[in-house]
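Peer 1: quick one: sequence plus predicted model below, questions after.
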Amino acid sequence: MNALSSRLLKQRLFHLATIVSALLVLATVSFAEIKIATGHDPEGQLGFRLPGIPAPSRNDAATAAKFTLLDGEADGNGGGLDQLHDGRVPSDPDEPEQNFFFNAGTSAGRILVDLNRVVEIKQINTYSWHPSTRGPQVYQLYASDGAAAGFNARPKKSDDLEKSGWKLIAPVDTHSKGGGQHGVSIFDPDGILGKYRYLLFDISRTESDDAFGNTFYSEIDVVEQNAPVEAAVAAAAAAPFVLKSTDSYCEITIDTAGAPELKDWAEQKLAPVLAEWYPKIVAMLPSKDWVAPKQFSVNIRPGNGVAATSGTRITANSAWLSNELNREAIGALVHEVVHVVQQYGRARRDNPEARRAPGWLVEGIPDYIRFFKFEPQSHGADRIWLQGHPNQKLNYDGMYRISANFLDYVVEHHDPHTTLIAKVNAACREGKYTDALWQELTGKPLAVLNDEWQAR
């Protein structure tokens, strides 16, 4: 089956699944005595006040509960599990830091909620918001009081939940409704859902045609019988700093609301560099019929690691930046801007059969541009750096600085027309990269270039 036929088959199967799902979730549906009400606002103008769905709460039984990731990987661009029960909801449709979502390209996972006591549960409500495929909700909800024989509070993915002391409460699937604000309310109109201490959300992605099918979950509420609740509040949207690139092509937004101590540094030191270097990076990485993003954002807030990029959104860890303001902070963000320009996920969104770019080029090209073009004076990946790190294992696919050093060697010794990086990038962006490209561009196979570089 060719790529086109495969894609058409996937589309037809997806449409069939959509029709079936629509029949399942149309209006309010029943699952035993339990009902599942769904609300949807495609434009996100209702502020989660969705018809037939209770408004998000700020003091329900989930507020003090313990949320644990049992299975799957959290996306580093998200705000973490705390976002699911902080009594706050996003104020914009694409705010990763105000939501929890599983890592791009994964098949989601499981979240355990420990209410710390057995609760008479009146309703369980879930809310999400994203303008595209990350808006709908697809999950199965299980519950337990923890008293069943053989109860397992931390079941593995391979475990049979119903044989581990868990009861299936409801299946949820709103993916047929498309992007926007989604609300789901699970309840029993004749009484309570049950008396439970533990809830388990077995979450699925909304689609698998690309890496971006994991839902932006904004809030999970557990409403206790006869307990008053207060409406959640929208997360405050502080005014970000907005500027244009030096060629006026791109709008750059820098948000330091989560790290106000870095506001002056971001606006006075970081912003001018991003404005100057974005058009330079675009010029270094062209490809046929490709249009560079006309806007991107940098969100600086406390987090883990250094920084990460999803599409045109960069999220940077303010704690790490604060310790590196006079060393690596700006260079690290220039690296992330290269990811904004690379856009290697584009090929697979258009054609599921396209080849994935290898990780060593995904990260090696940004470090090459950072250390050999933007800040060569730092000697952050050149021979001086290698000599200072003698225990580094040298191989072309060593990632980051190691791969950057390899790329610099090949450019210096085998790229008289200075087009090699652009051509390798174009192949990655178009989903056509293979290792045979090195023979075509340099006259030597990748393994031979690697040996030369190692022996230099």
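Peer 2: Everything's here; your move.

Peer 1: which one is S208 nearest to, not counting chain neighbours?
Peer 2: Using Cβ to Cβ, 6 or more residues apart in numbering and skipping the chain neighbours, the partner closest in space to S208 is S107 (7.5 Å). For every residue, glycine as well, the C-beta is placed using N, CA and C.

Peer 1: and that neighbour, how far from R301?
Peer 2: Using Cβ to Cβ, to the nearest Å, S107 is found at 28 Å from R301.

Peer 1: who has more neighbours, the two?
Peer 2: R301 (17 against 14; other Cβ atoms under 10 Å).

Peer 1: I'd guessed that one sits against S318; true?
Peer 2: Yes - between R301 and S318 there is a contact at 5.7 Å, judged by Cβ atoms under 8 Å.

Peer 1: anything in contact with each of these two?
Peer 2: G258, A259 (Cβ atoms under 8 Å, 6 or more residues apart in numbering).

Peer 1: show me where the stretch 151-300 of the chain has strands.
Peer 2: For the stretch 151-300 of the chain, applying DSSP state E, counting those that start in this stretch gives strands covering 167-173, 180-187, 194-203, 217-224, 233-234, 241-244, 251-255, 295-301.

Peer 1: okay if I get these as a markdown table plus distance to H417 and mean pLDDT?
Peer 2: Formatted as a markdown table, the strands of the stretch 151-300 of the chain follow (distance: least, Cβ to Cβ, whole Å; pLDDT from 0 to 100):
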| stretch | distance to H417 | mean pLDDT |
| --- | --- | --- |
| strand 167-173 | 53 | 96 |
| strand 180-187 | 49 | 96 |
| strand 194-203 | 50 | 97 |
| strand 217-224 | 49 | 96 |
| strand 233-234 | 54 | 64 |
| strand 241-244 | 32 | 96 |
| strand 251-255 | 31 | 95 |
| strand 295-301 | 30 | 92 |
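
Peer 1: beta partners of K35?
Peer 2: For K35, the beta-bridge partners under DSSP bridges are S30, F187.

Peer 1: residues near it, how many?
Peer 2: So K35, with other Cβ under 10 Å, has 16 neighbours.

Peer 1: what's the answer for the one 4 residues further on, then?
Peer 2: By the measure other Cβ under 10 Å, the count of residues near G39 is 21.

Peer 1: thought it was touching I53?
Peer 2: Yes - the pair G39 and I53 passes the contact test of Cβ under 8 Å, sitting 3.7 Å apart.

Peer 1: what sits in contact with each of these two?
Peer 2: With Cβ under 8 Å, 6+ apart as the test, G39 and I53 both reach G183, V184, S185.

Peer 1: picking that back up, okay, and the residue nearest to S208 sits in which element?
Peer 2: According to DSSP states H and E, S107 maps onto no helix or strand at all.

Peer 1: please shift the residue numbers so they start at 873 in all later answers.
Peer 2: Okay, residue one is now 873; in that scheme the one you just asked about reads as S979.

Peer 1: list the contacts of it.
Peer 2: With contact taken as Cβ under 8 Å, 6+ apart, S979 is in contact with G944, S1076, R1077, S1080.

Peer 1: so which of the residues you listed comes closest to Q917?
Peer 2: Q917 lies nearest to R1077 out of these, by Cβ to Cβ, at 26.2 Å.

Peer 1: and the residue nearest to the closest one when sequence neighbours are not counted, how far from G916?
Peer 2: Once flanking residues are discounted, R1077 sits nearest to G1085: 3.8 Å by Cβ to Cβ, 6+ apart. Applying Cβ to Cβ, the value for G1085 to G916 is 19 Å.

Peer 1: quick one: which of the two has more around it?
Peer 2: Taking other Cβ under 10 Å, G1085 and G916 do not tie; G1085 has more neighbours (24 against 19).

Peer 1: ok, now which ones touch that one?
Peer 2: G1085 neighbours (Cβ under 8 Å, 6+ apart): T1005, R1006, R1077, T1078, E1079.

Peer 1: the last one and R1006 touch, don't they?
Peer 2: This points to E1079. No - in this structure, E1079 is not within contact of R1006 by Cβ under 8 Å, at 9.6 Å.

Peer 1: so which of those two has more stuff around it?
Peer 2: Neighbours per residue (other Cβ under 10 Å) separate E1079 from R1006, with R1006 holding more: 24 against 19.

Peer 1: mind telling me what element that one is part of?
Peer 2: Going by DSSP H and E, R1006 is not part of any helix or strand.

Peer 1: who's in contact with it?
Peer 2: F973, S1000, G1051, T1078, F1084, G1085, N1086, T1087, F1088.

Peer 1: in stretch 1232-1252, which residues are buried?
Peer 2: 1232-1247, 1252 (16 or more other Cβ atoms under 10 Å).

Peer 1: in helices only, show me those residues.
Peer 2: Using DSSP state H, the subset of those located in helices is W1232, L1233, V1234, E1235, G1236, I1237, P1238, D1239, Y1240, I1241.

Peer 1: name the element the residue nearest to the first one when sequence neighbours are not counted belongs to?
Peer 2: Leaving aside its sequence neighbours, W1232 sits nearest to D1269 (Cβ to Cβ, 6+ apart; 3.9 Å). Here D1269, judged by DSSP H and E, is contained in no helix and no strand.
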